[in-house]
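[1] fold the following and give me the result.
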Amino acid sequence: MLKFGFGAVPEATLGHARYLVRLGEQLGYDVAWMPDQTFFRDPFVLLTVFAMETERIELRLGVTNPYTRHPALVARASATIDELSGARFSLAYGAGNRKELLLPLGMEQSEAGPRCREAVVVSKQLLAGETVHYRSDTLVVDGVTLLTPPRPDLRVYLAGRGPYILKAAGEVADGAIIGGLVSPSGISYALQMVRDGARSKGRDAGKMDMIWWGSCYLTDDRQAIVDQLKSSVAHIIGGAPISVLQTIGLSDGRIDQLKKKYVAEGPAGAATLVTEEEIDLFSIVGDGKECSDKIAGLEKAGINQIGLLLNQPTAEAQQSFLRQFASEVIPYFR
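    Coordinates of the predicted model:
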């Protein structure tokens, strides 16, 4: 059965963040995600609160990064929250926010793929109760054993849309979080990268969680939402690997045009060039049936979990969306 989860940057009140997760549990969502996002509230603290205030919903850190958080300390915190929640926790790694988080801290987003890969490997070893000896140019773990009770089957995911990260997810992670690729060619490409990685290591990709993560808007006024999404889609295109953009059908000239505009003027400037067709490559917009049909296409392709990024402008709008989606879309799959 297809699982449904949601997550939002904790930029509204603390009360809203807490209420949103309790509401999701009441409405029947399977997963609540909390991002490790720039300088907003600390996700480990919030997830601890969520663990104490909920009973059923799965809790996931998605995503943290291997630059600002040492994987051994991520594993330690994860084991603690997992114990507190009654084995409802899992975590995910990604490359981090270069401009908004890493550069202000004097860090560069170097070797993103390998660093995410080694973070997953080390975290899984520690959570399996192993004493870890690991050394590379970017990470040292010298004889570390978790002294909190680990859970070997605590799942560790890897998030991205580029070929290296997706293949690495297949090689070492328990699942892949595929960012925003909606079109049949895009999701087929991403899933094939994960499966290729799994096959190269003799792993069964069928046992992995394949998670789609992105924006979904339920609306009868499609054009209004399309205009709102142009900036965020420009940001995705600006940072996406050229090979991914080619795979989903953008021409080399179009890619060059959008990326140059993005570098010169940022998401707001590049948004003036984004078309409605490009919006549909990276997000789901429409009424209940239209959104259900697109999600059904993702499920048919091999996605078994949907992660909804709540980027509505107000706390009330996020809560309203959760209710509407639970009423109009989830029943289609249950």
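
[2] nearest residue to E11 other than its sequence neighbours?
    Excluding the flanking residues, the one nearest E11 by Cβ to Cβ, 6 or more residues apart in numbering is F40, at 5.7 Å. From N, CA and C alone the C-beta is placed, and that goes for glycine too.

[3] now the strands for the stretch 201-334 of the chain?
    209-218, 283-286, 305-309 (DSSP state E, counting those that start in this stretch).

[4] let me have the ones you listed in a markdown table, extended by mean pLDDT.
    Converted to a markdown table, the strands of the stretch 201-334 of the chain look like this (pLDDT from 0 to 100):
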| stretch | mean pLDDT |
| --- | --- |
| strand 209-218 | 96 |
| strand 283-286 | 95 |
| strand 305-309 | 97 |
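
[5] next, format those strands as TSV and append distance to D142 and mean neighbour count.
    Below are these laid out as TSV (distance: least, Cβ to Cβ, whole Å; neighbours: other Cβ atoms under 10 Å):
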stretch	distance to D142	mean neighbour count
strand 209-218	31	22
strand 283-286	44	22
strand 305-309	35	23
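
[6] now distance to L146 too, for those, in JSON lines please.
    Shown next, in JSON lines, are the strands of the stretch 201-334 of the chain (distance: least, Cβ to Cβ, whole Å):
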{"stretch": "strand 209-218", "distance to L146": "23"}
{"stretch": "strand 283-286", "distance to L146": "39"}
{"stretch": "strand 305-309", "distance to L146": "27"}
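
[7] among those strands, which is nearest L14?
    strand 305-309 (19.9 Å; Cβ to Cβ).

[8] pull up the pairing partners for the closest one, direction included.
    strand 3-7 (parallel), strand 209-218 (parallel) (DSSP bridges).

[9] can you list contacts of it?
    Applying Cβ atoms under 8 Å, 6 or more residues apart in numbering, the external contacts of strand 305-309 come out as 2-8, 30-31, 33, 62, 175, 177, 209-216, 295, 298, 325.

[10] pull the CA atoms of it into PDB?
    C-alpha atoms of strand 305-309 as PDB (Å, rounded to 0.1, in the frame of the first residue of the first chain):
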ATOM      1  CA  GLN A 305       5.900   6.400  -0.600                       C
ATOM      2  CA  ILE A 306       4.800  10.000  -1.200                       C
ATOM      3  CA  GLY A 307       6.400  12.900   0.700                       C
ATOM      4  CA  LEU A 308       4.500  16.100   0.500                       C
ATOM      5  CA  LEU A 309       6.500  19.400   0.900                       C
END
